[in-house]
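Q: I'll drop the sequence and a predicted model, then ask my questions.
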Amino acid sequence: MTRIVVIGGGIAGTATALALHKAGFDVTVHEAHPETAEDIGAFLTLASNGMRAVAQLGASDAVTAIGFPLRSMRLLDERGNEVAQAPMGEAEDALLQYRCLRRGELNAALQAEAVRRGIALRHGTRLVSVDSGPDQVTARFADGSVATGDLLIGADGLNSTVRRSVAPDTRPVYAGQCVFYGYTRSAPVTEGTGHITMIRNSSGTFGYAVSPDRETYWFARVAGPAVPTEELAHPAPSRWRAQLLELLGKDDTPAAEIVAATSDAVMATNATELPPGARWRSGRTLLIGDAAHAASPATGQGASMALEDAVILAKSLRDVSDPDGAFSLYEACRRPRVEYNIAVSGQISRGARNPARTGQAPSAQRPGDDTLVAQLAWDTDIRAVSGGAN
């Protein structure tokens, strides 16, 4: 049985472990953080494509037990007027509806599902280096322990340690926006749950959704200089909140009132991306998820793309006996799709309000959309549905 070492127990790594285990591989996950629910505060949305991947992992029950569904999106202008409303994704299928979740809760749910299935999950193992040989690959950790496998999958996120051994010159770059998140139970909103409201403010983009228990989840994407690393390491929520109120108060929308109703538990991050064309693999090591193709959060596809990665990688290794051939097929299937997402999301973050002018409209069909359902379907041979990849 092929032994596979997965570095990173976040969404990408744990989902990959679930998929590899389902495909019959011996897999162990190594996570640097000692706790299960890293980054419990920030929230995300899983799109229908991500929920389809979750279903193929057999993890729908675990994921739909947390968060809440989003069936439609409404758009407000800077005066607070509704200018559009439309269904989101495959809203009629309960398992494929968009879902709003706290990132840490999703991570914890996937990890609990992995443990339930008997997958080895090692917390507190921080990777130091990767040594590749012709027949195996060895991971060395800060506590002196080592793990050896036939293959190693780097799912250790934006600041990947594994990437240093695969593409040492590849660095994340700032995509032009700071992103703020918050929650409140006292926001002056009256609409019900089940949809997300997006507001085009003069200073950026604001979005919010109301949970079934009347908690308002919100985010703001604001153009400008990056939040300094030191400030991110030592958060300044009251200052961030004051800055947002000053910016959002210029428009006649619910955004400023929602932020005003929020306590000082405001989170911030910088929209960051990896340049397209970066190397994903070397020998028996492969990068996936944000470690390979991090995009700014503007399209909301980061977690969904990572879940797609998990299923298609497992199927590639299952259906192609040669690891190098399997990695090549996986990369050919995935690279056009995820790099399109990087391009579109980056354009939005940098202020291209109409990416259609450059041929990269978010509403346009993404590469691979025509074959995605077949590629994710567990019982299909990935070679037969690769959409021209070879």
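A: Looks like it arrived, so ask away. Numbering: from 1, shown residues only.
Q: OK, contacts around the residue nearest the centre of the chain?
A: For the chain, the residue nearest the mean C-alpha position is residue 303 (2.3 Å; C-alpha atoms, centre = their mean). Residue 303 makes contact with 11, 44, 46, 50, 103, 106 under the criterion C-beta atoms under 8 Å, 6 or more residues apart in numbering. For every residue, glycine as well, the C-beta is placed using N, CA and C.
Q: And the helix or strand residue 44 falls within, what does it pack against?
A: Using DSSP states H and E, residue 44 sits within strand 43-46. Counting contacts by 3 or more C-beta pairs under 8 Å, 6 or more residues apart in numbering; DSSP states H and E, strand 43-46 packs against strand 98-102, helix 103-116, helix 302-319.
Q: Just the buried positions in stretch 277-294, please.
A: Buried positions in stretch 277-294, judged by neighbour count with 16 or more other C-beta atoms under 10 Å: 278, 280-294.
Q: picking up where we left off before, list just the nearest of the contacts of residue 303 to residue 367.
A: residue 50 (16.7 Å; C-beta to C-beta).
Q: in this structure, which ranges drop under the pLDDT threshold?
A: 1, 36-41, 352-364, 388-390 (pLDDT under 70).
Q: Show me the helices in it, by range?
A: Applying DSSP state H to the chain gives helices spanning 11-22, 48-56, 60-64, 103-116, 162-166, 229-233, 237-248, 255-260, 290-293, 302-319, 323-349, 372-376.
Q: So what touches the fifth one?
A: For helix 162-166, the external contacting residues (C-beta under 8 Å, 6+ apart) are 7-8, 127, 129-130, 132, 152, 154, 156, 170, 279-282, 285, 287, 291-292.
Q: between the helices and strands packed on strand 43-46, which one is nearest to residue 55?
A: Of all the helices and strands packed on strand 43-46, helix 302-319 comes closest under C-beta to C-beta, at 9.6 Å.
Q: Helix 323-349 and the closest one, what's the angle between them?
A: If you take axes from the mean of the first three to the mean of the last three C-alpha atoms, to 10 degrees, helix 302-319 sits at 170 degrees to helix 323-349.
Q: still on that earlier bit, just the buried residues of stretch 277-294 now: which is nearest residue 245?
A: The closest of the buried residues of stretch 277-294 to residue 245 turns out to be residue 294 (C-beta to C-beta; 29.8 Å).
Q: quick revisit: for the helices of the chain, which one sits closest to residue 199?
A: Nearest of those to residue 199, taken as C-beta to C-beta: helix 255-260 at 5.5 Å.
Q: Output the closest one as CSV, nothing but the C-alphas.
A: Written as CSV, here are the backbone C-alpha positions of helix 255-260 (Å, rounded to 0.1, in the frame of the first residue of the first chain):
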residue,chain,number,x,y,z
ALA,A,255,-22.7,48.6,6.3
ALA,A,256,-21.6,51.3,8.8
GLU,A,257,-24.5,50.4,11.2
ILE,A,258,-23.5,46.8,11.1
VAL,A,259,-19.9,47.5,12.0
ALA,A,260,-21.0,50.0,14.7
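Q: Based on its surroundings, how many neighbours for residue 192?
A: Residue 192 has 9 neighbouring residues, counting by other C-beta atoms under 10 Å.
Q: So which elements touch the longest strand along the chain?
A: Across the chain, the longest stretch assigned as strand under DSSP state E is strand 173-184. Applying 3+ C-beta pairs under 8 Å, 6+ apart, one finds that strand 173-184 contacts strand 216-223, helix 237-248, strand 267-273, helix 323-349.
Q: could the ones you listed go into JSON lines alongside distance to residue 122 and mean neighbour count?
A: Output for the helices and strands packed on strand 173-184, formatted as JSON lines (distance: least, C-beta to C-beta, whole Å; neighbours: other C-beta atoms under 10 Å):
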{"stretch": "strand 216-223", "distance to residue 122": "32", "mean neighbour count": "22"}
{"stretch": "helix 237-248", "distance to residue 122": "33", "mean neighbour count": "18"}
{"stretch": "strand 267-273", "distance to residue 122": "27", "mean neighbour count": "21"}
{"stretch": "helix 323-349", "distance to residue 122": "23", "mean neighbour count": "21"}
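Q: how about these, which one is nearest residue 16?
A: Of all these, helix 323-349 sits nearest to residue 16, with 11.2 Å by C-beta to C-beta.
Q: Kindly calculate the angle that that closest one makes with strand 267-273.
A: Angle, helix 323-349 to strand 267-273, by the same axes, to 10 degrees: 120 degrees.
Q: Can you check what angle separates helix 323-349 from strand 216-223?
A: Between the axes of helix 323-349 and strand 216-223, defined by the same axes, to 10 degrees, the angle is 80 degrees.
Q: Give me the packing partners of helix 323-349, helices and strands only.
A: Counting by 3+ C-beta pairs under 8 Å, 6+ apart, helix 323-349 packs on strand 173-184, strand 267-273, helix 290-293, helix 302-319.
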